[in-house]
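[1] kindly generate the corresponding structure for this input.
(one chain, ligands or ions: 2)
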Amino acid sequence: MFFNRHLLSVTLLLGSGLLLSACGPTADEASATVISGKTMGTFYRVSVVGLDKSREPELRRQIEAQLAEDDHQLSTYKDDSVLSRFNQYNGTVPQPISSGMADAIVTSLRIGQKTAGAMDITVGPLVNLWGFGPNKEPVKMPTQAQIDSAKAEVGLQHLKVIQQSDGQYLQKDLPGLYVDLSTVGEGYATDHLARLVEGNGISDYLVSVGGAVVSRGKNPAGKPWQVAIQKPTDKENAVQAIVDLQGMGISTSGSYRNYYELDGKRLSHIIDPATGRPITHKLVSATVIAPTALEADGWDTGLMVLGTDKALALAQKEHLAVYLITKEGDGFKTNMTQQFKAYLRKGEKP
Ligand code: ADP
Ligand code: MG
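    Residues are numbered from 1 along each chain as shown. Ligands and ions are numbered 1, 2, ... in the order given. Below you'll find the model as predicted:
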């Protein structure tokens, strides 16, 4: 386990998410209020400075209500969520959705277009075919015919958000379209927690859901909150880079985080919509810093699908703050864009 009490407030452990969700507060967090728990199949953590102890139960209540609401909107694991009801609906009439969900889908569709469909929130039929959604893992490799028939139900062009004076609507032109927002869910929920904390008049905080983090202001030691990216080695405390988010969102997607083995092959939970199959290249993880955790969470998946070279080229073209770790021989190589360097702590550049 990685833990450096002098440097770090939180560890973003590439490929394994937030380590501190599992092992308690750091020295920095000791005098902060830390509210944490489980949500959406992962952990959330809210660290705030300067909160009166008496306000903690009320803040926890608000946090849990917010997370429950986000899950009720976006979950594909709950049959009665707003998104599941849209997926079950077998027609093409626009359906009303919340402004939060509209925002998540508009952002996802935009990133989908920018990544030429590598990130595709209509990939659900393929995710389910490979057993990474609510369906069980298959006992046999899906056949090409099964992949082709799932692919026929996938495509960004089939989904539209309509903004009207009376609200937002979601429309599909294929009745069988299945929208999967799992890939932006953690970022979406993280942004909401950040907003909720700010709404309580707190300006020094670090919030995270799974592999998405937003931090602003200072930790209890009066220093900027720091997020560490760990080297993907066996060494326990090899720091690759330490970043100061300055109010931005960060998210990591890792190919070995969620997988199973079938016929001796390791199958990743990230699907390349172009092939209809789990990704197989050597990009191990993609970390993105963006104005919102939602955006960072959308991009990291798209970049994972593209692989190192295309991901780096696109990140440069779009001026994204991106950090990639790629398997090379027995070791790893890293790439980062100029924009990412701006967040590295001075004197701690790798
Ligand atoms: P994690 O944080 O667990 O790495 P990600 O944010 O990378 O998760 O999202 C992975 C999930 O996104 C998958 O479990 C699946 O539901 C969905 N998904 C898989 N491939 C794609 C894709 N190409 N585009 C959009 N969503 C995808
Ligand atoms: Mg993602």
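
[2] dihedrals phi and psi, the nearest residue to residue 335 once chain neighbours are set aside?
    Excluding its sequence neighbours, the residue lying closest to residue 335 (C-beta to C-beta, 6 or more residues apart in numbering) is residue 324, at 4.6 Å. Just so you know, the C-beta spots here come from the backbone N, C-alpha and C atoms, and that holds for glycine as well. Reported as degrees, to the nearest 10, the phi and psi values for residue 324 are phi -120, psi 140.

[3] please apply the same query to the one 10 residues further on.
    When read as degrees, to the nearest 10, the backbone of residue 334 gives phi -120, psi 150.

[4] pretty sure residue 298 is in a strand, no?
    No: counting by DSSP: H, G, I helix; E, B strand; the rest coil, residue 298 falls outside a strand, being helix.

[5] residue contacts, it?
    Shown in contact with residue 298 (C-beta atoms under 8 Å, 6 or more residues apart in numbering): 107, 108, 111, 119, 183, 184, 187.

[6] you'd agree the last one is up against residue 291?
    No: distance between residue 187 and residue 291: 11.2 Å, which falls outside the contact criterion (C-beta atoms under 8 Å).

[7] overlap in contacts, the two.
    Overlap of the contact sets of residue 187 and residue 291 (by C-beta under 8 Å, 6+ apart) consists of residue 249.

[8] the more surrounded of the two?
    residue 187 (31 against 12; other C-beta atoms under 10 Å).

[9] C-terminal to the strand or helix carrying the more buried one, what's the next element?
    Using DSSP states H and E, residue 187 sits within helix 182-199. Sequence-wise, the next helix or strand downstream of helix 182-199 (DSSP H and E) is strand 205-209.

[10] got the angle for that following strand vs helix 182-199?
    160 degrees (axes from the mean of the first three to the mean of the last three C-alpha atoms, to 10 degrees).

[11] coming back round to it: was I right to think the residue nearest to residue 335 contacts residue 337?
    No: contact between residue 324 and residue 337 fails when scored by C-beta under 8 Å: they sit 9.0 Å apart.

[12] shared neighbours, those two?
    residue 312.

[13] these two: who's more crowded?
    Neighbours per residue, other C-beta under 10 Å: of residue 324 and residue 337, the larger number sits with residue 324, 26 against 19.

[14] tell me the contacts of the more buried one?
    Going by C-beta under 8 Å, 6+ apart, residue 324 touches 283, 285, 286, 287, 303, 308, 311, 312, 334, 335, 336.

[15] for it, give the beta-bridge partners.
    Note on residue 324: beta-bridge partners residue 286, residue 335, judged by DSSP bridges.

[16] mind checking the pLDDT average for stretch 124-139?
    Mean per-residue pLDDT for stretch 124-139: 85.

[17] please apply the same query to stretch 265-272.
    For stretch 265-272, the mean pLDDT works out to 86.

[18] and residue 273, how far from ligand 2?
    14 Å (C-beta to the ion, to the nearest Å).

[19] and that residue, what does it touch?
    Neighbours of residue 273 in contact, by C-beta under 8 Å, 6+ apart: 117, 118, 120, 123, 126, 151, 154, 305.

[20] skipping adjacent residues, who's closest to the residue nearest the centre of the chain in space?
    Using C-alpha atoms, centre = their mean, the residue of the chain that lies closest to the mean C-alpha position is residue 297, 3.6 Å off. Leaving aside its sequence neighbours, residue 297 sits nearest to residue 187 (C-beta to C-beta, 6+ apart; 2.8 Å).

[21] who's in contact with that neighbour?
    By C-beta under 8 Å, 6+ apart, the residues touching residue 187 are 209, 212, 249, 251, 292, 293, 294, 295, 296, 297, 298.

[22] and what of residue 321?
    248, 288, 289, 290, 337, 339, 340, 342, 343.

[23] state the helix or strand in which the second one lies.
    Taking DSSP H and E as the criterion, the element that holds residue 288 is strand 283-290.

[24] and that strand, what does it pack against?
    strand 249-254, helix 293-306, helix 308-317, strand 321-328 (3 or more C-beta pairs under 8 Å, 6 or more residues apart in numbering; DSSP states H and E).

[25] got these as JSON lines, with distance to residue 143 and mean pLDDT columns?
    Formatted as JSON lines, the helices and strands packed on strand 283-290 follow (distance: least, C-beta to C-beta, whole Å; pLDDT from 0 to 100):
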{"stretch": "strand 249-254", "distance to residue 143": "28", "mean pLDDT": "89"}
{"stretch": "helix 293-306", "distance to residue 143": "22", "mean pLDDT": "97"}
{"stretch": "helix 308-317", "distance to residue 143": "28", "mean pLDDT": "98"}
{"stretch": "strand 321-328", "distance to residue 143": "29", "mean pLDDT": "93"}
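
[26] dihedrals phi and psi, the residue sitting furthest away from the middle of the chain?
    Among residues of the chain, the one most distant from the C-alpha centroid is residue 54; the distance is 32.3 Å, by C-alpha atoms, centre = their mean. Main-chain torsions, residue 54, degrees, to the nearest 10: phi -70, psi -20.

[27] measure the nearest residue in space to residue 183 that is not next to it in sequence to residue 295 for me?
    Leaving aside its chain neighbours, residue 183 sits nearest to residue 301 (4.4 Å; criterion: C-beta to C-beta, 6+ apart). Taking C-beta to C-beta, to the nearest Å as the measure, residue 301 falls 11 Å from residue 295.
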